[in-house]
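> one predicted model, sequence on top.
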Amino acid sequence: MFYALPAAAQLARDRAGHPAFSLALVLSRRPAADEDDIFSLIDSAAFACDVSIALPDSVTRADTLLPLFASQATFRLVAGGAAGSAGPGPALAEATAQGAGARAGLGATVDKAAAQAILGALQRRESNLTLACRVTYRTAETRVTLHLAARWTDVYDFLESHAGTDRRFTQDALRGHLVEMSRSGVIAAHRVEASGLETEACESDPSALWSAFSKVASMLFDTAESTYTLRDRPDSGQTIDIRLAAMTAQTAHVDLDAPLTAVIGGALDGLDAERFITLAAVAPGTRGGPQPVPRRVSAVATRDAEGETRAVVGRHVARAIFGAVVDYGAAGGFAIIEERLLPRFPREADRQLGRGIDMAEQNVGDGMA
C-alpha cells in the first residue's frame, strides 16, 4: 500500500466539472464600444478560487494507492517565482487545510500587475505567479528510548505556578508545559541511541517526551477523563532518573509548487467566460465605487427617413428574427441593418420585427446588455 500526492496543487472543480474560480476585473475606465482589448485598462482585481491536492478518481480507484492525509496543507499564491510556503516576500493569498485531498479557498484583492498576470495565466501565457503548496504529514511511529532526570519538587513548583485554582490541566496544556520544562532545564530529557550514548535534548520531539513522561505522571497527578489534577507537594528528596521506551511520530513535509499558468491555464476553455469573469469600471466624475461594465453584444437597428436610429435589437432577438447573429459593424460597434433591407420580409414578419424592436428598446436600451 502506498500513499500518493499529485505533482502540484490543482484548481478544484464542482460536480459538473466547472472550475471553482472567479475574477472581478476593475478597469481604469469603461471601454469604448469598438475597443476589443481591455488588457491595458486593467487597474486591479478581486479573485477567488478553490485549490486542492486531491488525486484523480482513476488513481484512487487503484487498490495500491491511497491519498496522503495532510496534517496541514498550506497554499500560497506568491509573485516572482518564489517557491515553497516559506518563499520570500508576502503572499498575495494564503490558506490552510487538512485531510486527504485537502481543499482550501484562496482569495484576495490584487494590484494591476498581479491582475494582469492572473488573466494571462488563464490564457496560458507565461506568468510570474507561483501557486506554492507545502504539505505536512506524520510519518510512521518509531520506538525510541529517552532518559528523564529531574527533582520532583522542581517539576511540581513549575506546574503549580501555572495551575488555576482547581489545580487541573488538560493533556494539551500539560504537554506544552512539559516542553517548556525541558527547554528551561527543569527536566533533563535526552534520547538514548542503540549504542547507549545520549544525544540531543528531545524538547523538539514533544510526542516522544509526552509518551515517556505520561508513564510516571501518576507521581504528581490524579488522572480522570483526560484531565490531570495536582496532588500534594512531594518530599524534597524525591527525584526521577530513568530510561523509558517511548513511541514517537515524526512529521515531514513536501513542497508541491507550480507556475500559476500550469494550474489555471485553459481552465475556462469551452465555457462561458462571463460566468467566471466580470468587469467593472470607475465612471469619470463620480464619487461612487466601480460600476459593472455592460456586456457588448451584436445587435441590429433600423433607421427612419431622417436617418435617425429608431431602436436596437439584442443578439438573441436578432437570432430569432434573422436566423443568425450578424457581425459587428462600424456603427458604434454594432451591426446595422438598414431599413432598405426590410421589404424582403413579408408583412407579418415586418410587424414581428417592429414588436421585437419595441421590446429590445425597453430591455436593451443603447444596445449594451
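Structure's in. What do you need? Numbering: from 1, shown residues only.
> and the chain, what are its domains?
The chain breaks down into these domains under automatic domain parsing: 2-139+253-281, 142-249, 297-363.
> give the rounded mean pLDDT of the first one.
Mean per-residue pLDDT for domain 2-139+253-281: 87.
> check the gap between the closest residue to Pro259 other than its chain neighbours and Thr223 for me.
Excluding its sequence neighbours, the residue lying closest to Pro259 (Cβ to Cβ, 6 or more residues apart in numbering) is Thr130, at 5.9 Å. (Each C-beta comes from the backbone N, C-alpha and C, glycine too.) Thr130 sits 49 Å away from Thr223, going by Cβ to Cβ, to the nearest Å.
> for Val254, what are its contacts?
5, 134-135, 137 (Cβ atoms under 8 Å, 6 or more residues apart in numbering).
> in the residues you listed, which residue is surrounded by the most others?
Val135 (24 neighbours; other Cβ atoms under 10 Å).
> pretty sure that residue contacts Phe69?
No. Counting by Cβ atoms under 8 Å, Val135 does not reach Phe69; the two are 9.8 Å apart.
> before we move on, the earlier item: may I ask which two of the contacts of Val254 are separated the most?
Spanning the widest gap among these are Leu5 and Arg134, at 11.4 Å by Cβ to Cβ.
> follow-up on the earlier one: show me the contacts of Val254 that map onto helices.
The helices in this structure, assigned by DSSP state H, contain none of the contacts of Val254.
> need the winner for burial among the domains of the chain.
Sort these by mean neighbour count, taking mean count of other Cβ atoms under 10 Å, and domain 2-139+253-281 sits at the top with a mean of 17.
> in terms of helix, strand or coil, where does Arg29 fall?
coil (DSSP: H, G, I helix; E, B strand; the rest coil).
> for it, give me its contacts.
41, 281-282, 284.
> do the same with Thr170
226-228.
> could you measure from it over to Val135?
Counting by Cβ to Cβ, the gap from Thr170 to Val135 is 29 Å.
> Leu5 too?
On the measure of Cβ to Cβ, Leu5 and Val135 end up 6 Å apart.
> again, but for Leu106
For Leu106, the distance to Val135 equals 16 Å [Cβ to Cβ].
> going by distance to Thr64, which of the contacts of Val254 wins?
Nearest member of these to Thr64, counting by Cβ to Cβ, is Leu5, at 14.9 Å.
> surely that closest one meets Ile53?
Yes. Counting by Cβ under 8 Å, Leu5 does reach Ile53; the two are 5.9 Å apart.
> now for those two: what residues contact both?
Joint contacts of Leu5 and Ile53 (Cβ under 8 Å, 6+ apart) are 67, 135, 256.
> before we move on, back to that, and of the domains of the chain, who's closest to Pro290?
Closest to Pro290 of the domains of the chain, according to Cβ to Cβ: domain 2-139+253-281, at 3.7 Å.
> list the beta-bridge partners for the residue sitting nearest the centre point of the chain.
Geometric centre of the chain, nearest residue: Leu106, 2.7 Å, by Cα atoms, centre = their mean. Beta-bridge pairing for Leu106 (DSSP bridges): Cys49.
> start at 48, not 1
Sure, I'll start counting at 48 from here, so that last one is Leu153.
> and it, how far from Thr192?
To Thr192, Leu153 is 44 Å away according to Cβ to Cβ.
> same check on Ala120?
33 Å.
> next one: Val310
46 Å.
> and the nearest residue to Arg280 once chain neighbours are set aside, helix, strand or coil?
Nearest-residue entry for Arg280: Tyr203, 5.4 Å, with adjacent residues in sequence omitted and distances by Cβ to Cβ, 6+ apart. Counting by three-state DSSP, the backbone at Tyr203 sits in helix.
> for Tyr203, what are its contacts?
Tyr203 is in contact with 267, 277, 280-281, counting by Cβ under 8 Å, 6+ apart.
> redo that, cut-off 10 Å
Counting by Cβ atoms under 10 Å, 6 or more residues apart in numbering, Tyr203 touches 266-267, 277-281, 285.
> and those residues as JSON lines, adding pLDDT and distance to Leu221?
Listed next are the contacts of Tyr203 as JSON lines, based on pLDDT from 0 to 100; distance: Cβ to Cβ, whole Å:
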{"residue": "Met266", "pLDDT": "89", "distance to Leu221": "14"}
{"residue": "Leu267", "pLDDT": "92", "distance to Leu221": "10"}
{"residue": "Leu277", "pLDDT": "93", "distance to Leu221": "10"}
{"residue": "Arg278", "pLDDT": "92", "distance to Leu221": "14"}
{"residue": "Asp279", "pLDDT": "92", "distance to Leu221": "18"}
{"residue": "Arg280", "pLDDT": "91", "distance to Leu221": "17"}
{"residue": "Pro281", "pLDDT": "91", "distance to Leu221": "17"}
{"residue": "Gln285", "pLDDT": "89", "distance to Leu221": "19"}
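> determine which two of the residues you listed are furthest apart.
Leu277 and Gln285 (14.7 Å).
> where along the stretch 248-397 of the chain do the strands fall?
Applying DSSP state E, counting those that start in this stretch to the stretch 248-397 of the chain gives strands spanning 268-271, 274-277, 286-295, 298-302, 305-306, 324-328, 338-339, 347-350, 356-360.
> of these, which is nearest Glu173?
With Cβ to Cβ, the closest approach to Glu173 among the strands of the stretch 248-397 of the chain belongs to strand 305-306: 7.8 Å.
> so what are the sheet partners of the closest one and their directions?
By DSSP bridges, strand 305-306 pairs with strand 176-185 (antiparallel).
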